[in-house]
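Asker: Compute the structure for the input listed below.
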Amino acid sequence: LEHLTEAYVNQGKYEMAMPLAEQLVEAREAALGTSDPKVADALELLANCFEKICKPNKSETNYKKALVIREKFAKEDPAALKGCLKAYSSVLKGMGQSAQAAKMEARIVELNKPQPPAVTPKGGK
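Answerer: Reported below is the predicted structural model:
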């Protein structure tokens, strides 16, 4: 289902991809729960479809849901979080919500900063 959806998206057939993306979200939520990174993948795919057919409100709703999941897994997959933030920011800009978009972009900058090494307590504990 995911590959077929992506194939339609890659061909610019967003109207055909959208119902498949919706099915993909529903199937993954049923199988994996609502906070799995695979659900975020599907939500972002659906959000992209809505963005391409000029339905920014629906796109924004799905990016928002995906972002909640991405934040939970930020340490495990920072690249996925950055990608979600970037796409969401783009939608927000298109909707005239520059301040919200700037917050997303600031978060990306923050994520790109080198993180200090973890400090281990003396004695190895």
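Asker: Residue 57: neighbouring residues, count only.
Answerer: Applying other C-beta atoms under 10 Å, we find 9 residues neighbouring residue 57. The way it works is simple: take the backbone N, C-alpha and C, and place the C-beta from them, glycine included.
Asker: That one is in what secondary structure piece?
Answerer: Under the criterion of DSSP states H and E, residue 57 resides in helix 56-72.
Asker: average pLDDT across the helix or strand following that helix?
Answerer: On the C-terminal side of helix 56-72, the nearest following helix or strand under DSSP H and E is helix 78-94. Confidence for helix 78-94, expressed as mean pLDDT, is 96.
Asker: tell me which strands and helices helix 78-94 is in contact with?
Answerer: Here helix 78-94 touches helix 37-52, helix 56-72, helix 98-112, going by 3 or more C-beta pairs under 8 Å, 6 or more residues apart in numbering; DSSP states H and E.
Asker: roughly how far out does it sit from the chain middle?
Answerer: 7 Å (C-alpha atoms, centre = their mean, to the nearest Å).
Asker: For that helix, buried residues please.
Answerer: Residues of helix 78-94 classed as buried by neighbour count (16 or more other C-beta atoms under 10 Å): 80, 81, 82, 84, 85, 87, 88, 89, 90, 91, 92, 93.
Asker: Likewise for stretch 100-107?
Answerer: Within stretch 100-107, the residues scored as buried using 16+ other C-beta under 10 Å are 100, 101, 104, 105, 107.
Asker: which among the buried residues of helix 78-94 gets closest to residue 71?
Answerer: Among the buried residues of helix 78-94, residue 81 lies closest to residue 71 (C-beta to C-beta), at 6.7 Å.
Asker: need the contact list for that closest one.
Answerer: Applying C-beta atoms under 8 Å, 6 or more residues apart in numbering to residue 81 gives the contacts 67, 70, 71, 73, 74, 111.
Asker: returning to what we had before: can you put the buried residues of stretch 100-107 in JSON lines and add distance to residue 15 and pLDDT?
Answerer: Rendered in JSON lines, the data for the buried residues of stretch 100-107 read as follows (distance: C-beta to C-beta, whole Å; pLDDT from 0 to 100):
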{"residue": "100", "distance to residue 15": "28", "pLDDT": "95"}
{"residue": "101", "distance to residue 15": "27", "pLDDT": "95"}
{"residue": "104", "distance to residue 15": "28", "pLDDT": "93"}
{"residue": "105", "distance to residue 15": "30", "pLDDT": "95"}
{"residue": "107", "distance to residue 15": "32", "pLDDT": "92"}
